[in-house]
Every structure is written in structure tokens, then in C-alpha cells.
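Enquirer: fold the following, please.
(4 chains)
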Amino acid sequence: MTVSVQLFAGAREAAGVDALVVELSADATYRDLSRAIAASHPALERLVAASRFAAGTSYASAGDLVDPSVEISLIPPVSGG
Amino acid sequence: MTVSVQLFAGAREAAGVDALVVELSADATYRDLSRAIAASHPALERLVAASRFAAGTSYASAGDLVDPSVEISLIPPVSGG
Amino acid sequence: MIEITDRPIDAAKMLAAAQQPSAGAVVLFLGITREFTGVGDALRQTDRLTYEAHRPMAEAELARLEAAARERWPLVACHVVHRLGEVPLAEASVAIVASSPHRAGAFEAGRWLIDELKRSAPIWKREHFADGSTEWVHPSPTTPPRAESPAR
Amino acid sequence: MIEITDRPIDAAKMLAAAQQPSAGAVVLFLGITREFTGVGDALRQTDRLTYEAHRPMAEAELARLEAAARERWPLVACHVVHRLGEVPLAEASVAIVASSPHRAGAFEAGRWLIDELKRSAPIWKREHFADGSTEWVHPSPTTPPRAESPAR
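Expert: Numbering: from 1, shown residues only, chains lettered A, B, ... in the order given. Below is the predicted model of the structure:
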């Protein structure tokens, strides 16, 4: 499947784009997605390893299956407040 | 010695006066003052037992000698805030 | 800075004064007049509170608390104000603002200052209940130190 | 109530709204832009901060935090606001107000809300230093959960 991943903050800056398009197997988890991004975008490798993913408006767990029907976002370590 | 004791809040209300005049021996402590007030003003007996004294603008300890040259106040349990 | 005042407390002004660029966190506490105290059959409705103080001693005591808080936490602003006289429902009888580089200091100092003020400042509250009765509040010495007084 | 806004936060208005007669205590927290971070040779001067969020997710996350705080403490008012975009020195990027019958609830809820917001809300800060350089702040995962981020 093809998934689009929204980027924010330092991840967007490092990648130079607002979103990534990643090709994954149908049973891929967010852990697989993380590895795929690190492999295809070396500039994001360190930040992706420290990041979480969101599916829609909730955090996803690393072991969850990636659902391409919801908006997927890469959430690098947060610094609000 | 003769000391004047300022009253506040429920103590003033119970006594019906703004200040008490108490006769004490020259080496009296605040503990003695407390007992003298309880004996001479039964309406204050319970509240005085729960109160502290102030000498000027600081709390006095029960064992301190009463100094008639500073203003003495009876400080019933406080409820500011 | 400390203040005992007979007028309404301007909390917005205190807050603005505490927002200094050397601070990263501001905590403001207000103690306000609560309408209902107690529960069940003991529920009582308050119409207003009045406060009285041993004024020079209360000023000295609040200044001591400010100095102690500034020793303990790296505070930028520290302002403690207590109002005397009549305090209507929902209005503030006390306001404390503390600002510090990090939030822990501002929170801890604010909490410590109100706890200590309630323990030591020679200030007394009189309840004016909706039924017309009044009552000076003198918490029993058996009350645990951290327990809340009836109207806070 | 929660809000993500692009405009300055009106803390005085939030404070006034939290002063309800069923409350006895109000705690307001402001996180403001601090001018200097670090110490010694690592001291850096900030000119301003800018904030960015995953906006719908940040709104959802703040709403979850408000609901969780209301379950845990008997809050009267609970209002969490985060500002996005440019936040000049000494202005608030975040404001949290909690009011409750007793002060313990208001203090604890206020502290818990800012701690959790900093842990989970998808919001990012970008430092704009006085020397013209900029830097997105992504705290290292080795940072202990309660440690302070560089600019707070």
C-alpha cells in the first residue's frame, strides 16, 4: 500500500517537504513505517527513531497496523508549553 | 506589672472590648499571661487556650518573658486566605 | 512585594507585572469567597465574608514569607496581597503571584506561600451567612495543618 | 474548555471567567517566552519563539487532558489555551486556569495539565535566537519526563 505521512517542525525542515509518500506491505505496522522512512530519507533517520506516529488525531502504537484510510502524521518529540 | 493586650476577631467579640488590662508578676511569661486571662475572663477561656501571643509584630513563645514595653496582642487561630 | 489592602485586588495587573522576560513561568493563586460550605445537612450558604487583621503584624508576616520564598526558589516576581473588610462572593480575598525561570519554582512557591499565609498571617475571616447569622472563623487546633478552612 | 489560537492570550479574561461562586480557589499558569536559556558558556539569548501544531490533533489532545483532569479533581472551571505562531518575549505561549472548591485541586490540576501538555500535545517550539539563528526544539528522549525543556 501507499501511505502519505504528514511532517511537522524539525522533521519537515530536515526533509524539505510537508509530507512523505511511502510504499509499505499490506500488513505493515508503524514500526515498519518508521524503518521505511529512515531507510528512504537518511536526513530523518535520527529524528524518526525518537518520534511517534499519529493516526488521525490519536497516537498510534508501534505495533499497530498502518491504516491508510486515516491521515498519518509523524510526531517528533514535542516542545509545546 | 500591668500589661495591655489587644484583642482581635472572635476574641474581641467574646470579650466585648478591644483590649484587656492584666496584672502580672514582673517575671511572668506568656504562658502565665494566658492563664491570667482565662482566669479573669471566663468567656475567653477556650479561645485563649488555642491562641498565640504577639509581641510587636512577631509571635512570642509561651515561655518568653512578657515585655510590657512592646505592644502585646492575643492572636486567636487565624483564618486568612 | 506584599500588600494589605481595603480595596478589590487587581489580579490582572499583578499578572502583567509578573510577566518579565527573565521568567518562563508565572503562577497566580486567588482565594475567592465561596458560596456554599459544608455538605449534606451541614451545607451553609454564605452571603459574604469580612476580613480583619493585626495589620502591622500581618504586613511583617507576609514580608517574612516573601523573603523566605525568595531564598528557597529563584523567583523573578513574588507578590502577595490580602484584602480586608468585605469580600463579596467570587471576589478574591487573597492573591499570590510568583514567576520563575522554570515552572516547578513558580508552582511550589505559590503553594507554599498560601499554605504558610493560612498558617501564620494574623488575619481572620468572618462568615456572613445567607440566613443573617455571622461567625468568626477560628479553626480548631485539632485541624490537621494541611486541612482546608471551612470557606476555602 | 480548550483552545488553540493564533492571537495573544487574554489571561485576565480567563481568570475572570474562572472566578465562580462555587469555587474557593483559582490557579492560573502562564508559560511565557524567556529571554535567556542555558548557563555560563552555553547561555543563549532568545529574540522570540514560534510555535507550530498538528492542530486538530492538538485540540483533541487538550480536550482529552481537560476531561481527565475533570475526572480526577472537582474542577469548576478548567481552561487550557495554547498560542501558535510568533510569541514575543514575556508573552504567554500557554495559559491554564483551574478553579475548584479547595486549593489543593486547583494547584494539582494546574500542574498536572501543564506537565501532560508538555508531554503529549503535538505542538513544537522554534527558537529564534538574538544572533539570527533558529532551531526547532525536539527534546532528546533521554531527557527525564519531568525535566524542563530549554526555554521553559
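
Enquirer: list the contacts of whatever residue of chain C ends up closest to chain B.
Expert: As assessed by C-beta to the nearest C-beta, chain B sits closest to C:Ile123 within chain C, at 2.8 Å. No exception for glycine: its C-beta is placed from N, CA and C like everyone else's. If you count contacts by C-beta atoms under 8 Å, 6 or more residues apart in numbering or on different chains, C:Ile123 has them with B:Val78, B:Ser79, B:Gly80, B:Gly81, C:Tyr51, C:Glu52, C:Ala53, C:His54, C:Ala58, C:His82, C:Leu84, C:Leu117.

Enquirer: most neighbours among the residues you listed, which one?
Expert: B:Gly80 (29 neighbours; other C-beta atoms under 10 Å in any protein chain shown).

Enquirer: quick check: it touching C:Lys118?
Expert: Yes. B:Gly80 is in contact with C:Lys118 according to C-beta atoms under 8 Å; the separation is 6.4 Å.

Enquirer: find the nearest non-adjacent residue to the residue of chain A found nearest chain C, please.
Expert: Nearest residue of chain A to chain C (C-beta to the nearest C-beta) works out as A:Gly81 at 8.3 Å. In space, and not counting its chain neighbours, A:Gly81 is closest to D:Lys118: 4.1 Å by C-beta to C-beta, 6 or more residues apart in numbering or on different chains.

Enquirer: show me what contacts C:Ile9?
Expert: Counting by C-beta under 8 Å, 6+ apart, C:Ile9 touches C:Leu30, C:Val81, C:Arg83, C:Glu91, C:Ala92, C:Val94, C:Ala95.

Enquirer: next, give phi and psi for it.
Expert: With angles defined as degrees, to the nearest 10, C:Ile9 sits at phi -80, psi 130.

Enquirer: again with C:Asp10
Expert: The phi and psi torsions at C:Asp10 (degrees, to the nearest 10) take the values phi -90, psi 90.

Enquirer: look at it and say how many residues are nearby.
Expert: So C:Asp10, with other C-beta under 10 Å, has 15 neighbours.

Enquirer: check C:Val97 too.
Expert: 29.

Enquirer: who's it bridged to?
Expert: Assessed by DSSP bridges, C:Val97 has beta-bridge partners C:Leu28, C:His79.

Enquirer: ok, now how distant is it from A:Asp32?
Expert: 50 Å (C-beta to C-beta, to the nearest Å).

Enquirer: where does chain C come near chain D, residue by residue?
Expert: Residues of chain C found near chain D (C-beta under 8 Å from any C-beta of the partner chain) are C:11-12, C:15, C:19-36, C:89-92, C:99, C:101-104, C:106-107, C:110-111, C:114, C:148, C:151-152.

Enquirer: picking up where we left off before, can you sort out which of the contacts of C:Ile9 also neighbour chain A?
Expert: Applying C-beta under 8 Å from any C-beta, the subset of the contacts of C:Ile9 adjacent to chain A is empty.

Enquirer: of those, which belong to strands?
Expert: Residues of the contacts of C:Ile9 located in strands (DSSP state E): C:Leu30, C:Val81, C:Arg83, C:Ala92, C:Val94, C:Ala95.
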